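Undergrad: Predicted structure and sequence below. I'll ask about it afterward.
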Amino acid sequence: MGDGTGNTVQGTRKKAGEPHQVLHLPMFILPCSLFLVPFSTNNAQSAEKRVKKRVYIAYTGGTIGMERTPRGYAPTPGFLQRQLEQIAELQRDEMPGFTVNEYQPLLDSSNMTPAHWLRIASDIADNYAQYDGFIVLHGTDTMAYTASALSFMLAGLSKPVVVTGSQIPLCEIRNDARENLINSLLIAGNYPIPEVCLYFGNKLLRGNRSVKVDADALDAFDSPNFPPLGEAGVNIEINWDLVTRPAARPGHALEVLQLEDPSVVGALRLFPGISARMLRNILNPPLQGLVLEAFGVGNGPEEDAEFLQVLQEATERGVVIVDCTQCLKGTVQLQDYASGRELARAGVVSGFDMTAEAALTKLFWLLDGNRRPEEARVLMQSNLRGEMTA
Ligand code: ASP
């Protein structure tokens, strides 16, 4: 259906959590200066003939598209698209063409579940062949979890998937939404980074290395154990040496590794005085995997024999327990201290320098289906998508 601006809006399915509305913006010829592959102005003529890049935007919710309501900020269907129509820059020739797929319901990301990750991954896979890059507009609260989960679920990625959002909605005069969106569009359209990334506050981070580090600042994300993949300063600079090589030839089908029967996993942050009883309660069936956020280089209360006994019984039952550090930076070294060695002896495996978000989503994915715990433990300690320093 036409909206009078030359853009087209299509209504789609309206089942809970499914894509709701699709906004197509027209295709333009992209001027040579914005193509990723460096080329001189001599190539300008051939560049003019190139087809404008296209980006698919999965709009899941989050602050970026929220409206002021009497209940506080809340996502309202159609509101983001009306805001986008007012941003003149999005219509410029240098920008990629894009399609917005508005999900229904739009979510505050605190409500995200593994079923939503699967829906986003499947949506990207369904549209994979038609677009040069993908953006997932998402709330910041669980953005690092979704970016991590997508990195494991999308196998054979050869195009960029950029997860972004904002701390201040697009509708406010002062906002970070506009910059985050425009830069994400330019990156997703023009830089063939075959990874799930997170763009925020001028930084392009590897998705499964990212962490929300600030509840208030516009520079809300960081990847403490891995340098940024890129930075948007005067120019958008990509650190190509860090970017993963494409797993498949461009155009090759993308595989979504399903979470058919979501596994039961959890996370537990150790604290001084934690009891063996509390640990036993959380490790009880049906739990299959646990991220143990331990002290320092992965240490726990090794003088508590019952605590160790509970860990050992659980690992013998097949529960996969992965040790991650509570520290923002650094890596687990279970052999450094007796308090780490005893955890390892009880069957706990090292998460090395993985974020707790990456470890949790990796567990969700690895323990889906009938994978043997032994195999899952080996894979948890292996670098599969750049999530840990090998
Ligand atoms: N509560 C919001 C969300 O995560 C916060 C945000 O988007 O910044 O959806």
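TA: Looks like it came in fine. Remember, predicted model here, so these are calculated numbers, not experimental data.
Undergrad: only C-alpha atoms for contact and neighbour calcs from this point on.
TA: Will do.
Undergrad: Please report the distance of Ile120 from Pro96.
TA: 21 Å (Cα to Cα, to the nearest Å).
Undergrad: Sorry, wrong one. I was asking about Asp176.
TA: Remark: distance between Asp176 and Pro96 (Cα to Cα) = 20 Å.
Undergrad: which of those two has more neighbours?
TA: Legend: neighbour count by other Cα atoms under 10 Å for Asp176 and Pro96, higher for Pro96 (30 against 21).
Undergrad: tell me the SS of Asn182?
TA: Actually, residue 182 is Ile rather than Asn. Under DSSP: H, G, I helix; E, B strand; the rest coil, the three-state class of Ile182 is helix.
Undergrad: pLDDT wise, what is it at?
TA: pLDDT for Ile182: 98.
Undergrad: how about it, what does it touch?
TA: Counting by Cα atoms under 8 Å, 6 or more residues apart in numbering, Ile182 touches Leu90.
Undergrad: distance of it from Val55?
TA: Taking Cα to Cα, one finds Ile182 at 12 Å from Val55.
Undergrad: how about Arg82, phi and psi?
TA: Backbone torsions of Arg82, given as degrees, to the nearest 10, read phi -70, psi -40.
Undergrad: pLDDT value on it, please?
TA: 96.
Undergrad: Now for it, how many residues are close by?
TA: 12.
Undergrad: and what of the one 3 residues further on?
TA: If you count neighbours by other Cα under 10 Å, Glu85 ends up with 14.
Undergrad: which helices and strands sit right next to the biggest strand by length in the chain?
TA: When the chain is parsed with DSSP state E, its longest strand is strand 97-107. Applying 3 or more Cα pairs under 8 Å, 6 or more residues apart in numbering; DSSP states H and E, one finds that strand 97-107 contacts strand 18-24, strand 54-61.
Undergrad: any idea how far the ligand is from the residue nearest the centre of the chain?
TA: Central residue of the chain (Cα atoms, centre = their mean): Ala147, 0.7 Å from the mean position. Remark: distance between Ala147 and the ligand (Cα to the nearest ligand atom, to the nearest Å) = 13 Å.
Undergrad: Same question for Val349.
TA: Distance from Val349 to the ligand, by Cα to the nearest ligand atom: 31 Å.
Undergrad: Not counting sequence-adjacent ones, nearest residue to Ala149?
TA: Thr361 (5.1 Å; Cα to Cα, 6 or more residues apart in numbering).
Undergrad: Could the C-alpha coordinates of stretch 80-98 be exported in CSV?
TA: Presented in CSV, the C-alpha positions along stretch 80-98 are these (Å, rounded to 0.1, in the frame of the first residue of the first chain):
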residue,chain,number,x,y,z
LEU,A,80,9.0,4.3,14.8
GLN,A,81,8.1,4.3,11.2
ARG,A,82,6.4,7.7,11.4
GLN,A,83,9.6,9.0,13.0
LEU,A,84,11.8,7.4,10.3
GLU,A,85,9.8,9.2,7.6
GLN,A,86,10.8,12.5,9.1
ILE,A,87,14.5,11.9,9.0
ALA,A,88,15.6,13.5,5.7
GLU,A,89,19.1,11.9,5.8
LEU,A,90,17.5,8.4,5.4
GLN,A,91,16.3,9.4,2.0
ARG,A,92,19.6,10.6,0.7
ASP,A,93,21.3,8.8,-2.1
GLU,A,94,24.3,7.8,0.0
MET,A,95,22.1,5.7,2.3
PRO,A,96,21.2,2.1,1.6
GLY,A,97,17.6,1.4,0.8
PHE,A,98,15.9,-0.4,3.7
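Undergrad: Next, the buried residues of it.
TA: Within stretch 80-98, the residues that count as buried by 16 or more other Cα atoms under 10 Å are Leu80, Gln81, Leu84, Leu90, Gln91, Glu94, Met95, Pro96, Gly97, Phe98.
Undergrad: can you tell me the helix or strand for the third one?
TA: Secondary-structure assignment from DSSP states H and E places Leu84 in helix 79-85.
Undergrad: Please determine whether that helix lies in contact with the ligand.
TA: No. Judged by Cα under 6 Å from any ligand atom, helix 79-85 makes no contact with the ligand; its nearest approach is 13.3 Å.
Undergrad: Please enumerate residues in contact with that helix?
TA: Residues contacting helix 79-85 (Cα under 8 Å, 6+ apart): Leu23, Ile64, Gly65, Met66, Glu67, Leu90, Val100, Leu170, Cys171.
Undergrad: Mind doing that once more with 6 Å?
TA: Helix 79-85 is contacted by residues Gly65 when judged by Cα atoms under 6 Å, 6 or more residues apart in numbering.
Undergrad: cool, and stretch 275-290?
TA: Val264, Val265, Gly266, Ala267, Glu306, Phe307, Val310, Val319, Val320, Ile321.
Undergrad: any chance of the residues you listed in TSV, plus secondary structure and pLDDT?
TA: Formatted as TSV, those follow (DSSP: H, G, I helix; E, B strand; the rest coil; pLDDT from 0 to 100):
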residue	secondary structure	pLDDT
Val264	coil	95
Val265	strand	96
Gly266	strand	97
Ala267	strand	98
Glu306	helix	98
Phe307	helix	98
Val310	helix	98
Val319	coil	98
Val320	strand	98
Ile321	strand	98
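Undergrad: still on that earlier bit, what's near enough to touch the residue nearest to the centre of the chain?
TA: Gly207.
Undergrad: Point out the residues in the protein that sit beside the ligand.
TA: Residues of the chain that fall close to the ligand, judged by Cα under 6 Å from any ligand atom: Gly62, Thr63, Asp108, Ser109, Ser110, Gly139, Thr140, Asp141, Thr142, Ser166, Gln167.
Undergrad: if you set the cut-off to 5 Å instead, what comes out?
TA: Gly62, Thr63, Asp108, Ser109, Gly139, Thr140, Asp141, Gln167 (Cα under 5 Å from any ligand atom).
Undergrad: Helices along the stretch 51-200 of the chain, start to end?
TA: Shown for the stretch 51-200 of the chain, the helices assigned by DSSP state H, counting those that start in this stretch span residues 79-85, 114-126, 143-153, 177-190.
Undergrad: Report the inter-axis angle for the third one versus helix 114-126.
TA: In other words, helix 143-153. 60 degrees (axes from the mean of the first three to the mean of the last three Cα atoms, to 10 degrees).
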